[in-house]
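1. Sequence first, then the predicted structure, then my questions.
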There are 4 protein chains.
Amino acid sequence: MSLTSEQKAEIDALRANPNQTLRTVSDGMEKHLYSAIPVLDHGFVRVIDYMGDDAAICQAARVSYGKGTKSVQNDEGLIRYLMRHWHSTPFEMCEIKLHVKLPVFVARQWIRHRTANVNEYSARYSILDREFYIPAPEHINAQSVVNNQGRGDVLQGDEAKRVLEILKADSARCYDNYEAMISDDGQAGLARELARMNLPANIYTQWYWKVDLHNLLHFLRLRADAHAQYEIRVYADAICNVVADWVPAAYRAFEDYRMGAVTMSAQMMDCLRRMLKGETVEQENSGLSAREWREFQDMLST
Amino acid sequence: MSLTSEQKAEIDALRANPNQTLRTVSDGMEKHLYSAIPVLDHGFVRVIDYMGDDAAICQAARVSYGKGTKSVQNDEGLIRYLMRHWHSTPFEMCEIKLHVKLPVFVARQWIRHRTANVNEYSARYSILDREFYIPAPEHINAQSVVNNQGRGDVLQGDEAKRVLEILKADSARCYDNYEAMISDDGQAGLARELARMNLPANIYTQWYWKVDLHNLLHFLRLRADAHAQYEIRVYADAICNVVADWVPAAYRAFEDYRMGAVTMSAQMMDCLRRMLKGETVEQENSGLSAREWREFQDMLST
Amino acid sequence: MSLTSEQKAEIDALRANPNQTLRTVSDGMEKHLYSAIPVLDHGFVRVIDYMGDDAAICQAARVSYGKGTKSVQNDEGLIRYLMRHWHSTPFEMCEIKLHVKLPVFVARQWIRHRTANVNEYSARYSILDREFYIPAPEHINAQSVVNNQGRGDVLQGDEAKRVLEILKADSARCYDNYEAMISDDGQAGLARELARMNLPANIYTQWYWKVDLHNLLHFLRLRADAHAQYEIRVYADAICNVVADWVPAAYRAFEDYRMGAVTMSAQMMDCLRRMLKGETVEQENSGLSAREWREFQDMLST
Amino acid sequence: MSLTSEQKAEIDALRANPNQTLRTVSDGMEKHLYSAIPVLDHGFVRVIDYMGDDAAICQAARVSYGKGTKSVQNDEGLIRYLMRHWHSTPFEMCEIKLHVKLPVFVARQWIRHRTANVNEYSARYSILDREFYIPAPEHINAQSVVNNQGRGDVLQGDEAKRVLEILKADSARCYDNYEAMISDDGQAGLARELARMNLPANIYTQWYWKVDLHNLLHFLRLRADAHAQYEIRVYADAICNVVADWVPAAYRAFEDYRMGAVTMSAQMMDCLRRMLKGETVEQENSGLSAREWREFQDMLST
């Protein structure tokens, strides 16, 4: 990612002017505000605004549960209890607004999470910049042979090189032609809303994305997962770091009860109970399908 | 509304400690933070937190429309354009969190607005206070004879007095019995989740309610309307005053293009065009039903 | 629940007239349509309409995953895979519309599930019937001494009797006064929107509730759970039976991967792996708090 | 649009097998079920399922308003009243499920309507077909010189020809390279989730889209509007025809109170009242900005 000097100056100006507020302030977030965290080759994530912190989660829970929550020794204990028992509404009381620059094919996955507010750069009004995602060689993988939607081994040598050349050449040509079509130099200039259709899905777009903490954590659980596509996972990872600074107790609970947690089916629990009694359970007598048995084995190994 | 001295001290403490932040600050909102605005006899509205201001609306719009919005002279012009043309997503970029104390029958109307985050006081966990809404005599009206859901004239003399006596006596008796049932003095004490069913709908509850500005304005348009029930309208009115201080330009646009605006049907527009040409249009030759004609006449008179 | 003869006749008439359709039909649902399933003393659940079946879930998944799903041997295997891996959108492709009659305090819990469409009987327009939920003696419990929001032992003898008498007497008196206030016999008649505030939370209301299968299953997971309040759980149980007839494969997967499943935290998984290797793990060396250890032990016992 | 003979056979088979149902049936919709309505050069809209009809809207309204609605003479009158007064929940009681094939840049606009259920063809799992939207010559317009986001005049002669050639050539080359990269003929074959990034935004995708009638009408109001981009408007127009057959009374009310209706601001209403009293109002003494005055004049002319 390369910020223009104009953009850097704008960020510096925004960070130079603290204001007074009576609101809850998260010191961990203040250090992130406005700065651009680089992601992929031209993308970034920037925190534009936030509302609430760990204490705000507890405060909302205490409105709901009244004196019942006073018995919990401390805020972290309460937050862990809420997370463990899927009491999601107190987490909805925190909100974050991000400015994200990302390739269109990543944006298309991202937008499937519907419970958020979005303002995307409009290519009907404005001209997109000449910026395309070109993967680094170590992220150019073959189609997985075991998983219909995953990646397999990294492509080597000539094959990787050929892929890179294609992506670069097609991006450049498509953008050249986009520019040529909209140019009003000696011609009328094609409507932008039409010209954009010539741009491939690795072009960068940007948006403001505002979401509450509960829905954000749900997004992160799916997109920071090892099975998520690499190109969206790096955004999720960057946001995870921000959340860890913003609401540290909630983030630790999220790691323990969501990211690092495992859901066992009724049949798996039955196997487990038998195994703990010393019984030898094999797939044949497990009640699990071959696929589920494999998933079960994966859960039990580190 | 009567705050306990404990509550007042808490509000004073919260307001005494400004923090430094790099976020956008709305001075108009800072003066409201935490203070309780009295509504009805025991209710209130308190601003607990907020995100964004008029400038944040414009900033989000400019992300969407890029350089296209730079031609608009100023922020207020842009906000008015967005409101007039129903571009709602920039308004979603502002958020507010309120603490509201309100009668249960008002809460039941309010919650029908689904696009918001809510933490309500739980009467399964905790004991509700002995606080009931008893209308002031000037708000005790007869059923309307022209409108199936509205109020007619104010009740007079003995009839109003009898209503007040009933409401007070039934509230008191139901609460006495609620207390008696949950008491564990010499008995086991009924489960709170059961005992609460004896409480009438004028008892007060409270919640944290968090909503974005677009959905808040939609709520206000319906609930600050002259046809809304008085007891929810006073909450909407109190919130309108807060919003006017928070995002003054957006609020002015809301008054002009929503609250004070009128939607004319295709047939009404046809009548209007004929009238402006000098034609005399009566219900008979208007193409409108009697009811619509009446509504049309109301729109055209002040 | 007692249906009037008029209501019975209406249901019979609706069930007597089959139509031809080209849409997907679920035979299991057709037998439920319009009939009232009794719940509590005056409540019911009725299926008014539905869209889709098990095959429709698979069809939607196959649009998403294309030829990738053809390798799955059969529909049930595909549905189990989707449920296990939290692929929720295919389940959203089924929809159900219910007519529910329920006490107001149950309705207030229910409505917290926001992703649904609701039309509730309006007590601003219309007069509520004299129908109140009075619990059966075996469902009148003391407040739990171990769980802030739960029920403990069933109340016995005089205490239970006293509770019943209070609930009946207060309901009757409040309703008598409601009727007296709205009566226009010799007086103006109080506005209905005001009079309703005198009615306690055990009065019955009714609504149409329309929801997609994914969100319905989420509702059922929380409300058919053993920790849910009895009075909403019986509604959830009734709906579970309907869903089992409507989409049998999806319902079986829901039982195995949701209702009967268990989520283990990162720390619990660590304990488990150590236990399976033969190590003796106690709370002290588990990394779990006392409370979590108790929950963990509960998971491992039947 | 060209359906394969396999697809035609599938549609014929689906239409050949009527089932019996006790549900509400809309005859107008039955004739549409499964058939593909062609849109653009390769796209289509197909009705896959539906729930409810005009009568179902009224039935839901009658649950809400009880006996209050019985005074309305007929269903159409009730529906018009509901639409006029923005009582939206009864319209949410109808649901439709569509199968849509559409260019990616249209899909990106469409998905901004968040209150719907979507299953889109996944290019992570499956290979996209070689089908691209190439506009007909009469839909190749210049950028508007008066409207930042609109189209101006149709491009003529050589310029239009050049645009067409570019779009065709770039689509073809990008697809050839997409195929070459994923091919596992003599090489590993690039992961599909990566290869798709080379495809331009005029490639066709497809999805199942399920939405309630209220949100569908909101979508249609924006997307069937004269200012919507042509390429999404033709989809909206096709769906309008379907809705007119499905819920004819609701659709007529939609035309009168939404599509053909006009919202006048407070200032515009003031001007109007003065004009109807015979006063000559000019922009200077109107209280409207130049832009609003122009919009006002447009509303008043046919």
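-> Nice, I can see it. Remember, it's a predicted structure, so these values are computed and weren't measured experimentally.

2. how about residue A:125, phi and psi?
-> phi -90, psi -40 (degrees, to the nearest 10).

3. same question but for residue A:208, I mixed them up
-> phi -90, psi 130.

4. Show the contacting residues for it.
-> Residues counted as contacts of residue A:208 (Cβ atoms under 8 Å, 6 or more residues apart in numbering or on different chains) are A:48, A:97-99, A:117-119, B:59-60, B:63, B:93. For glycine as for every other residue, the C-beta is placed from the backbone atoms N, C-alpha and C.

5. Please repeat the previous calculation with a cut-off of 7 Å.
-> A:48, A:97, A:99, A:119, B:60, B:63, B:93 (Cβ atoms under 7 Å, 6 or more residues apart in numbering or on different chains).

6. Then residue A:117?
-> By Cβ under 7 Å, 6+ apart, the neighbours of residue A:117 are A:210, B:89, B:92-93, B:212.

7. and it, what pLDDT?
-> For residue A:117, the pLDDT comes out at 96.

8. Please report how far it lies from residue C:61.
-> 29 Å (Cβ to Cβ, to the nearest Å).

9. what about the longest helix in chain A?
-> helix A:157-182 (DSSP state H).

10. What is that one packed up against?
-> Packing partners of helix A:157-182 (3 or more Cβ pairs under 7 Å, 6 or more residues apart in numbering or on different chains; DSSP states H and E): helix A:192-195, helix D:157-182.

11. what's the angle from the last one to helix A:157-182?
-> With axes from the mean of the first three to the mean of the last three Cα atoms, to 10 degrees as the criterion, the two stretches helix D:157-182 and helix A:157-182 enclose an angle of 160 degrees.

12. so which of the helices and strands packed on helix A:157-182 is the most packed in?
-> Counting by mean count of other Cβ atoms under 10 Å in any protein chain shown, helix A:192-195 has the highest mean neighbour count of these, with a mean of 24.

13. That helix close to chain B?
-> No: judged by Cβ under 7 Å from any Cβ of the partner chain, helix A:192-195 stays clear of chain B, getting no closer than 9.7 Å.

14. Can you spell out which residues form a bridge with the residue of the stretch 201-302 of chain A found nearest chain B?
-> Taking Cβ to the nearest Cβ as the measure, the point where the stretch 201-302 of chain A comes nearest chain B is residue A:208, at 5.1 Å. Using DSSP bridges, the bridge partners assigned to residue A:208 are residue A:99, residue A:119.

15. Could you do residue A:132 as well?
-> Under the criterion used (DSSP bridges), residue A:132 bridges to residue A:203.

16. go on, the one 10 residues further on?
-> In this structure, residue A:142 bridges to residue D:190 when assessed by DSSP bridges.

17. Output the set of residues of the stretch 1-150 of chain A in proximity to chain D.
-> So the stretch 1-150 of chain A meets chain D at A:103, A:105, A:111, A:114, A:122, A:124-125, A:133, A:135, A:140-143, A:148-149 (Cβ under 7 Å from any Cβ).

18. Put together TSV for the helices and strands packed on helix A:157-182, with distance to residue A:53 and mean pLDDT on each row.
-> Formatted as TSV, the helices and strands packed on helix A:157-182 follow (distance: least, Cβ to Cβ, whole Å; pLDDT from 0 to 100):
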stretch	distance to residue A:53	mean pLDDT
helix A:192-195	42	96
helix D:157-182	46	96
